[in-house]
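> Test case, fold it:
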Amino acid sequence: INFTAATLDDERFIVFFEDVTERRKTEVDWYADEERFRQFFDESPIGIETYDAKGRLLNVNRSCLEMFEINTSSELRGVNLFQDFKIPDQDIQKLRTGQTVHFELEFNIPPDDPNSKELPRVKILDVNVSILGGFVEQEIDGYLVQFQDITARKLAQRALAKSESKYRELVENANTIILR
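As a prediction, the model looks like this:
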């Protein structure tokens, strides 16, 4: 119970009582939900980033840092969703109207030692971008970006296609017939 007292004059005062039980319960539930979301965000195996309405990076989770092989989120300072991800203009327009956009992002991670003769490593990510929190006064509140590392699967598919092509070429150019 919350109460407020006020003096009316030298001999009288007034006290207001308010039952705040429901409000306190709502606050406790809200904080618990926020903590569950924070834990989900931090521990998710999917890389997650959030951006404001202008495309400026707000938050990044641990899995995302690991995918990009980055130690801290401060290394991503200044990243902009619309400028740094090479999203086609038609997809940007879809995002700005509240539609979800899905694409693959391929990039190279340079070797740790810039003087190394080691080749950069290829990373291929499956990227899903959707609006975050809906619309606020007819404007988009922000964006949620989810990443899944599909490098191993894509490289295996490429290797298989290359092998199939070589085998097909070998069979098509063979001068002899192989029977079993």
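> And stretch 29-44, what's buried?
Phe41 (16 or more other Cβ atoms under 10 Å). Any C-beta I mention is one placed from the backbone N, CA and C, and that applies to glycine too.
> got the contact list for that stretch?
With Cβ atoms under 8 Å, 6 or more residues apart in numbering as the test, stretch 29-44 has contacts from 48, 59, 61-63.
> By neighbours, which of those wins?
Neighbour counts for these (other Cβ atoms under 10 Å) peak at Asn61, which has 23 neighbours.
> residues touching it, list them.
Taking Cβ under 8 Å, 6+ apart as the test, what Asn61 contacts is 41-42, 44, 47-49.
> now, among those residues, which is nearest to Ile124?
Set against Ile124, the nearest of the contacts of Asn61 by Cβ to Cβ is Gly47 (12.9 Å).
> who's that closest one bridged to?
Note on Gly47: beta-bridge partners by DSSP bridges are Phe147.
> Count the neighbours of it for me.
Other residues close to Gly47 by other Cβ under 10 Å number 21.
> list the contacts for it?
Contacts of Gly47 by Cβ under 8 Å, 6+ apart are 60-61, 63-68, 125, 146-149.
> now Asn128
100-102, 145-146.
> can these go into a markdown table with extra columns for neighbour count and secondary structure?
What follows is the contacts of Asn128, written out as a markdown table (neighbours: other Cβ atoms under 10 Å; DSSP: H, G, I helix; E, B strand; the rest coil):
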| residue | neighbour count | secondary structure |
| --- | --- | --- |
| Thr100 | 12 | coil |
| Val101 | 19 | strand |
| His102 | 11 | strand |
| Val145 | 20 | strand |
| Gln146 | 19 | strand |
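> would a markdown table of the residues you listed with pLDDT and distance to Ala32 be doable?
Shown next, in a markdown table, are these (pLDDT from 0 to 100; distance: Cβ to Cβ, whole Å):
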| residue | pLDDT | distance to Ala32 |
| --- | --- | --- |
| Thr100 | 94 | 29 |
| Val101 | 95 | 32 |
| His102 | 94 | 32 |
| Val145 | 95 | 26 |
| Gln146 | 96 | 24 |
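> Return the member of these nearest to Asp84.
Val145 (11.2 Å).
> thinking the closest one is in contact with Leu57, fair?
No - Val145 is beyond contact range of Leu57, at 9.2 Å (criterion: Cβ atoms under 8 Å).
> Which neighbours do those two have in common?
Common neighbours of Val145 and Leu57, using Cβ under 8 Å, 6+ apart, are 49-51, 81.
> which of these tops the neighbour count?
Glu49 (23 neighbours).
> In contact with Asn71: list those residues for me.
Residues near Asn71 by Cβ under 8 Å, 6+ apart: Leu65.
> in a helix, that's where it is, yeah?
No - assigned with DSSP: H, G, I helix; E, B strand; the rest coil, Asn71 falls outside any helix and is coil.
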